[in-house]
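Colleague: Sequence plus the predicted model coming up.
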Amino acid sequence: MGVIRGVKVTRGGTSINHLLFADDCILFGIATMEEWNSLQGILKVYEKASGQFLNKEKTSVFFSINTPGVVKSSILAAGNSVACGSYERYLGLPAVVGRSKDEESVTHVLWECQAANDVWALSLNGVHKWKRGGMEFLQLWEKLLEGLDKNRLEEVAVQIRRVWLRRNTFVFENKLTCPRRLVSAATEALEEFKRANRRQGAVNQQDHRPSSRAGWVKPSAEFVKVNWDASTDLKRRRMGMGVIMRDENADPLLAVCDSRSNILTAEVAECYALWKPLQVCSELNVQKVIFEGDAKAIIEAVKNNEEDWSDIDPLIEDIRNVLSNRKDWFIQFDYRERNIVAHNLAKAALNLVRKEFGWKRFQIV
């Protein structure tokens with residue numbers, strides 16, 4: 001027991017000593033005479049017990065590039081008619097992962113080949129400018145971990161999976177997905193995953209949210225409160241934004257519906273939705289304003305002065321600059337229940353053909 005140690009895919013991982021598929025078998029072991037002799041003994045016992053014999057014409061021994069030549073010769077000599085070969089592919093997939101020029105490595109498929117580059121060139125995460133070649137996949141992944149923030153890393157991870165599935169579809173079905181469609185599908189899948197997480201988070205925090213009966217809170221004297229929100233249709237790459245301004249008596253002063261195209265993420269949409277009331281209040285020279293929204297992550301990013309190098313960082317920086325120049329402009333978070341008017345305006349804005357702007361003519365219920 002324990003003579004055949006197999007191989008480990010990762011450091012500290014589970015050892016694998018065989019893989020079976022139909023009538024094929026791949027056996028793994030350390031290149032030593034001790035393991036070779038033990039393996040031959042097991043095969044002889046199997047042949048004697050089952051009456052089935054190894055077909056040596058279809059059997060080959062593959063050595064890693066680190067195996068000394070003396071060890072290779074000894075094992076081959078002991079194997080008699082067993083040939084030394086290269087087990088490059090199985091069922092159309094690469095059996096060897098490495099940097100050999102004659103082998104299709106995982107890194108080549110996902111990162112280096114022209115088909116993969118067509119996909120990365122359309123991505124907005126900046127990795128298409130990175131150097132190609134000269135690394136294995138784990139090295140590539142370490143580089144991605146070091147060079148990307150959480151949001152961009154998530155995008156790359158989803159796109160890597162899509163690139164691999166695209167490659168398999170081409171190999172087995174001879175169909176090649178359009179790179180632009182792949183990037184769009186990856187973006188939609190990631191957004192759906194995030195929405196699911198947000199819904200779960202909303203359920204977990206339900207006890208801490210205000211009840212549906214909790215009304216909008218008036219601003220203090222001399223201030224106006226501007227509520228803002230965004231809605232998105234990522235399939236159409238479109239967003240709507242809604243803005244409602246009310247005074248200390250809860251009287252509506254202004255309402256805006258607007259839309260924007262070429263929006264890829266909900267975070268970018270929320271940033272543009274916040275930028276809209278800042279722009280309007282600046283043009284109207286409103287002096288004392290409380291900007292209130294339910295995009296907690298965006299509001300926290302604005303209040304936090306640290307750079308995060310994400311796609312929204314330039315937008316966040318512009319918003320910070322505007323607020324820093326207005327001593328009586330403040331931004332705060334509140335839940336959707338108290339932001340429902342702006343939310344409804346944003347949903348209506350998704351289907352607007354033209355911008356809607358009203359001054360003291362919107363009836364808010």
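Modeller: Done, it's in. Numbers count the residues shown, from 1 in each chain.
Colleague: Give me the distance between the most far-flung residue of the chain relative to its centre and residue 41.
Modeller: When distances are taken from the C-alpha mean of the chain, residue 48 lies farthest, 52.7 Å away, according to C-alpha atoms, centre = their mean. The spacing between residue 48 and residue 41, counted by C-beta to C-beta, to the nearest Å, is 11 Å. C-beta: built from backbone N, CA, C; applies to glycine.
Colleague: now swap in residue 230 and tell me
Modeller: For residue 230, the distance to residue 41 - C-beta to C-beta - is 69 Å.
Colleague: For these two, indicate the residue with more neighbours.
Modeller: residue 230 (30 against 11; other C-beta atoms under 10 Å).
Colleague: Give me the nearest residue to residue 347, chain neighbours excluded.
Modeller: With C-beta to C-beta, 6 or more residues apart in numbering as the criterion, residue 347 has its nearest non-adjacent residue at 4.7 Å, and that residue is residue 231.
Colleague: quick one: contacts for that neighbour?
Modeller: Neighbouring residues of residue 231 by C-beta atoms under 8 Å, 6 or more residues apart in numbering: 239-242, 269, 343, 346-347, 349-350.
Colleague: re earlier: ok so the residue farthest from the centre of the chain is a helix residue?
Modeller: Yes - Residue 48: assigned to a helix according to DSSP: H, G, I helix; E, B strand; the rest coil.
Colleague: Just the pLDDT for it.
Modeller: On the pLDDT scale, residue 48 is placed at 85.
Colleague: Ok, the one 4 residues further on next?
Modeller: Here the pLDDT value assigned to residue 52 is 81.
Colleague: Surely it and residue 46 touch.
Modeller: Yes - the pair residue 52 / residue 46 is scored as a contact, 7.4 Å apart, by C-beta atoms under 8 Å.
Colleague: of the two, who's got more company?
Modeller: Taking neighbours as other C-beta under 10 Å, residue 52 and residue 46 compare with residue 46 leading, 13 against 10.
Colleague: which stretches of the stretch 151-300 of the chain have low pLDDT?
Modeller: 199-214 (pLDDT under 70).
Colleague: need the helices for it, in chain order.
Modeller: Along the stretch 151-300 of the chain, the stretches classed as helices by DSSP state H, counting those that start in this stretch are 179-204, 266-284, 296-303.
Colleague: tell me what the second one is packed against?
Modeller: Counting contacts by 3 or more C-beta pairs under 8 Å, 6 or more residues apart in numbering; DSSP states H and E, the secondary-structure elements packed against helix 266-284 are helix 179-204, strand 224-233, strand 238-246, strand 252-261, strand 289-293, helix 296-303, helix 313-324.
Colleague: Out of these, which gets nearest to residue 18?
Modeller: helix 179-204 (34.9 Å; C-beta to C-beta).
Colleague: okay but residue 105 is in contact with residue 135, surely?
Modeller: No - between residue 105 and residue 135 there is no contact under C-beta under 8 Å: 9.9 Å.
Colleague: Between the two, tell me which one has more neighbours.
Modeller: residue 105 (20 against 17).
Colleague: pLDDT score for the more buried one?
Modeller: Residue 105 is assigned a predicted lDDT (pLDDT) of 73.
Colleague: coming back round to it: write the ChimeraX selection for whichever of the contacts of residue 231 are buried.
Modeller: This is how ChimeraX selects the buried members of these, with burial counted by 16 or more other C-beta atoms under 10 Å:
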select :239,240,241,242,269,343,346,349,350
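Colleague: Just the closest of the contacts of residue 231 to residue 161, please.
Modeller: Nearest to residue 161 among those, with distances taken as C-beta to C-beta, is residue 269, at 24.5 Å.
Colleague: ok, now which ones touch that closest one?
Modeller: 230-232, 239, 241, 260, 263.
Colleague: again, only this time at 6 Å
Modeller: 230, 232, 239, 263 (C-beta atoms under 6 Å, 6 or more residues apart in numbering).
Colleague: got a markdown table for the contacts of residue 231, with distance to residue 312 too?
Modeller: Below are the contacts of residue 231 laid out as a markdown table (distance: C-beta to C-beta, whole Å):
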| residue | distance to residue 312 |
| --- | --- |
| 239 | 13 |
| 240 | 18 |
| 241 | 15 |
| 242 | 19 |
| 269 | 10 |
| 343 | 20 |
| 346 | 18 |
| 347 | 22 |
| 349 | 20 |
| 350 | 20 |
